[in-house]
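Undergrad: Generate a structure from the sequence data that follows.
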Amino acid sequence: MSVSCTASPGLNPNQQCPSMLAPTAKEEIKALTGLRGIAALYVMEYHANFIAYFHETNPFQVFMCHGYQAVNLFFILSGFVMALTYGADFSNGFQRAAYFNFLGKRFGRIYPLYFVMTFVCMPKIVQRVGLQGPLTLPHIAANLALIQTWGLCKSIDPTGWSISTEHAAYLLFPLLTAIFLFSRLRLAMTGGLLAIAALIYAATRSDIAVHEPIVPPPGALAVWDGTTLYPLLICLAGFSLGLLVWRAWTSPTINRLAAHKATGLIAVAATILLLSFRISDVLTVLVMAVLILTLATGKSPANFVLACKPVHWLGVISYSIYLVHWPILAAFEIPLHHALDHGRLGLLTPSIAILTLATILLSALAHYLIERPGRTLSRRFVSRGRTRTAERFRPA
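TA: Down below sits the predicted model:
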């Protein structure tokens, strides 16, 4: 499905068609896929090395402590990619068939592996690191329904909290597209300001107890506790910013500016710099939105690095890396650390190298044996449903 050039109140009809400015949804933006892979590994290394670097001030060590910001990058990326892939389906307003087609495909994309990893994490692997108490039936039911991080409870697979919040964004997708993609520019910009305000609110008002399970927290937006609404608020804000990034990307003027090699290099450098110092988390999120915009044009030197085959492949299996890495760390990091590192903490240690390699290999297996078959099966069900609906309403 390609992005159509449907006129909307928020776009100037005299402008060049957005689909002529950049790849269609069928033409994957490989640099963004590669970026997902790097971000997934960033989250894993953050979880593996947080204790080692938390109290340090060296820029590299601070950079490692900001790995939670990769999840905010995922939220923005998700909004952009959903707009690119499915936005045109809602350009004429809410369409029930398009909505259920969208939800069916997203469910098939995220749920099979999420379901498996939730059951993998149910034994005392998670409890032993002190993230939650004994599991209860309502706790399990909320996790299986993907609604746990809507202010209800914590995720059984700790990284699953963001999948739950994105599930909410998918359910609200037609409304969000109406506000951010196909409304008048003034309404879309007002929504963007509200999204930024939501991030500021979450960064300044969330209590220290709902941050990462280490006190003090590593950063203002390191909020993941599903018993509050802060994670949901952060996700919806990031997802909305991703929709705005797509809208900016379809503007010929902004697209030309973002396509300059210098713009892309500045965005990459600014993102790395902000992650390397204890600067505002909200500002970092906004710069990451600009980074995605520049990478979407395909003209920055960073595109060639992120789109190369090894990095792109990491992006292909990034969802598996994100969900699989935590139980591996929870089960094996401490024993390996004591056996191989002899008390030495840090990124470049034998135990971290082994854990990273094991995560990549097991994630590849999860991708090819669980993710892809689940996605194919769900698409078959969605396709059959659309065919039956068409036959039902076919004129006699």
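Undergrad: tally of neighbours for the closest residue to residue 254 other than its chain neighbours?
TA: Closest residue to residue 254 apart from its sequence neighbours, by CB to CB, 6 or more residues apart in numbering: residue 248 at 4.7 Å. Backbone N, C-alpha and C define where each C-beta goes, glycine included. For residue 248, the neighbour count with other CB atoms under 10 Å is 20.
Undergrad: Helix, strand, or coil at residue 248?
TA: Using DSSP: H, G, I helix; E, B strand; the rest coil, the structure places residue 248 in helix.
Undergrad: where does it land on pLDDT?
TA: Here, the pLDDT recorded for residue 248 equals 94.
Undergrad: again with residue 148
TA: For residue 148, pLDDT reads 92.
Undergrad: Kindly report the same for the one 10 residues further on.
TA: At residue 158, the pLDDT value in this model is 88.
Undergrad: cool, and the one 5 residues further on?
TA: pLDDT for residue 163: 96.
Undergrad: so when I look at it, I'm seeing a strand, right?
TA: No - going by three-state DSSP, the assignment for residue 163 is helix, not a strand.
Undergrad: Quick check: it touching residue 148?
TA: No - counting by CB atoms under 8 Å, residue 163 does not reach residue 148; the two are 9.7 Å apart.
Undergrad: Please report the distance of the residue nearest to residue 254 from residue 148.
TA: Note on residue 248: its distance to residue 148, by CB to CB, to the nearest Å, is 33 Å.
Undergrad: shared neighbours of residue 163 and residue 148, anything?
TA: residue 155 (CB atoms under 8 Å, 6 or more residues apart in numbering).
Undergrad: There's contact between residue 293 and residue 251 in this structure, I believe.
TA: No - assessed by CB under 8 Å, residue 293 is found out of contact with residue 251, at 10.3 Å.
Undergrad: picking that back up, contacts only, for the residue nearest to residue 254.
TA: Per CB under 8 Å, 6+ apart, neighbours of residue 248: 254, 258, 293.
Undergrad: Now do the helix or strand that contains residue 359: which elements does it pack against?
TA: In this structure, residue 359 sits in helix 350-366 according to DSSP states H and E. Helix 350-366 is packed against helix 30-53, helix 318-336, with contacts defined by 3 or more CB pairs under 8 Å, 6 or more residues apart in numbering; DSSP states H and E.
Undergrad: So which bits of the last one are buried?
TA: Right, the one you point to is helix 318-336. 318-333, 336 (16 or more other CB atoms under 10 Å).
Undergrad: The longest one too?
TA: By neighbour count on 16+ other CB under 10 Å, the buried set for helix 30-53 is 30-50, 52-53.
Undergrad: angle of that helix against helix 350-366?
TA: 140 degrees (axes from the mean of the first three to the mean of the last three CA atoms, to 10 degrees).
Undergrad: picking that back up, more neighbours: residue 293 and residue 251, which one.
TA: It is residue 293, of residue 293 and residue 251, that has more neighbours when counted by other CB under 10 Å, with 25 against 18.
Undergrad: any idea which helix or strand comes after the helix-or-strand element of the chain with minimal mean pLDDT?
TA: Least confident helix or strand of the chain, by mean pLDDT, DSSP states H and E, is helix 124-127 with a mean of 50. Of the helices and strands lying after helix 124-127 in sequence (DSSP H and E), the nearest is helix 137-144.
Undergrad: tell me what that next one is packed against?
TA: Packed next to helix 137-144, using 3+ CB pairs under 8 Å, 6+ apart, are helix 96-120.
Undergrad: Outside of the helix it packs on itself, list whatever touches it.
TA: By CB under 8 Å, 6+ apart, helix 96-120 touches 86, 89-90, 143-144, 146, 156-157, 160, 163, 166-167, 170-171, 173-174, 319-320, 323-324, 327, 366-367, 370-371, 373-375, 377-379, 381-382, 385-386, 389.
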